[in-house]
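Trainee: I would like the atomic coordinates for the input below:
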Amino acid sequence: MGSMAVRVMLVLLLAVLVAGCSAIAGIFKAGFWVGVIAVIVVVGLLFLAFGRG
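Mentor: The predicted model follows:
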């Protein structure tokens, strides 16, 4: 009976870890795209500021 409890605990632990990893991956993907958009905006603003001079 103890062996079954250990297996169940291991499966639950793995499920929680996998869910946590996918959540962190989603956060990093969102952060990547926010960074890309911020760089594009900054480059565009610099072009507008110094391109007309």
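Trainee: low-scoring stretches of the protein, by residue?
Mentor: 1-2, 52-53 (pLDDT under 70).
Trainee: Where do the helices of it begin and end?
Mentor: All helices of the chain, identified by DSSP state H, fall at 2-51.
Trainee: Next one: Gly20 from Leu14, what distance?
Mentor: According to CB to CB, to the nearest Å, Gly20 and Leu14 sit 11 Å apart. For glycine as for every other residue, the C-beta is placed from the backbone atoms N, C-alpha and C.
Trainee: I misspoke; the intended subject was Ile40.
Mentor: For Ile40, the distance to Leu14 equals 39 Å [CB to CB].
Trainee: repeat for Ile24
Mentor: 16 Å.
Trainee: I'd like to know how many residues surround Val36.
Mentor: 10 (other CB atoms under 10 Å).
Trainee: And Ile24, by the same measure?
Mentor: Ile24: 10 neighbours (other CB under 10 Å).
Trainee: Also Ala15?
Mentor: 10.
Trainee: Please apply the same query to the one 5 residues further on.
Mentor: Counted by other CB under 10 Å, the residues lying close to Gly20 total 10.
Trainee: With the one 10 residues further on instead?
Mentor: Using other CB under 10 Å, Ala30 has 10 other residues around it.
Trainee: ok, it - contacts?
Mentor: For Ala30, the contact set (CB atoms under 8 Å, 6 or more residues apart in numbering) is empty.
Trainee: any idea how far it is from Ser3?
Mentor: 41 Å.
Trainee: do Leu48 as well
Mentor: Where Ser3 is concerned, Leu48 sits at a distance of 68 Å (CB to CB).
Trainee: go on, Leu12?
Mentor: Distance from Leu12 to Ser3, by CB to CB: 15 Å.
Trainee: which one of the two has more residues nearby?
Mentor: Leu12 (10 against 7).
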